[in-house]
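K.L.:
quick one, what's the 3D model for this:
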Amino acid sequence: MPIPPLPADAIQLGAAASTWRDAVRLAGNALVRSGSATPAYADEMIRMIEEHGPYVVIAPGLALAHARPGPAVLADGLAIVTLAEPVSFGHPHNDPVRIVLALAIAAGGDHLGAVASLANVFNDSDAIDALAHATTVDEVQAIMNAGEAA
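P.N.:
As a prediction, the model looks like this:
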């Protein structure tokens, strides 16, 4: 499955978050703005991390927040939030986090394919740093498109 669309309203750069919960909520709000999820989806992403620990911190500085498909997911979507100051999720190796991706997938069978496609973007270790320093929505979209094409 390809990476879900990344519209401009699903990208927030240089956001302020004091905790990982705040950071995940910002990413959830970006999914809401793009029409991919309801506000309840952010609660689900937070609950998953509270239940299962900081497994969403998939690389140094990068978290991929997500929850199971359900009524809070309106359409497949991706959101990206970069943080002005990194936050700790409690991961032993990959904290602190500067970038929070939020993934909403409507159909259960598509979830793993979408995660795998996103992982391919970050096979290029420079992609995380490039996203963290991006200053425009166009830059973020170009980084993600280049990674998906690779």
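
K.L.:
gap between the closest residue to residue 49 other than its chain neighbours and residue 102?
P.N.:
With sequence-adjacent residues excluded and distances taken as Cβ to Cβ, 6 or more residues apart in numbering, residue 49 is closest to residue 56, at 5.9 Å. C-beta here means a position set from N, CA and C on the backbone, and glycine is covered the same way. Using Cβ to Cβ, to the nearest Å, residue 56 is found at 10 Å from residue 102.

K.L.:
do residue 77 as well
P.N.:
Residue 77 sits 8 Å away from residue 102, going by Cβ to Cβ.

K.L.:
quick one, which of these two is more surrounded?
P.N.:
Neighbour totals were compared for residue 77 and residue 102, and residue 102 leads with 32 against 26 (other Cβ atoms under 10 Å).

K.L.:
any idea how far the helix or strand hosting the more buried one is from the middle of the chain?
P.N.:
Using DSSP states H and E, residue 102 sits within strand 97-104. Here the centre of strand 97-104 is set off from its chain's centre by 2 Å, with Cα atoms, centre = their mean, to the nearest Å.

K.L.:
please enumerate the helices of this protein.
P.N.:
Secondary structure of the chain, counting by DSSP state H: helices at 20-33, 40-52, 111-121, 126-133, 137-149.

K.L.:
from the chain's centroid, how far away is the second one?
P.N.:
Right, helix 40-52. Its chain's C-alpha centre and that of helix 40-52 lie 13 Å apart, by Cα atoms, centre = their mean.

K.L.:
that's all I had, so thanks and see you.
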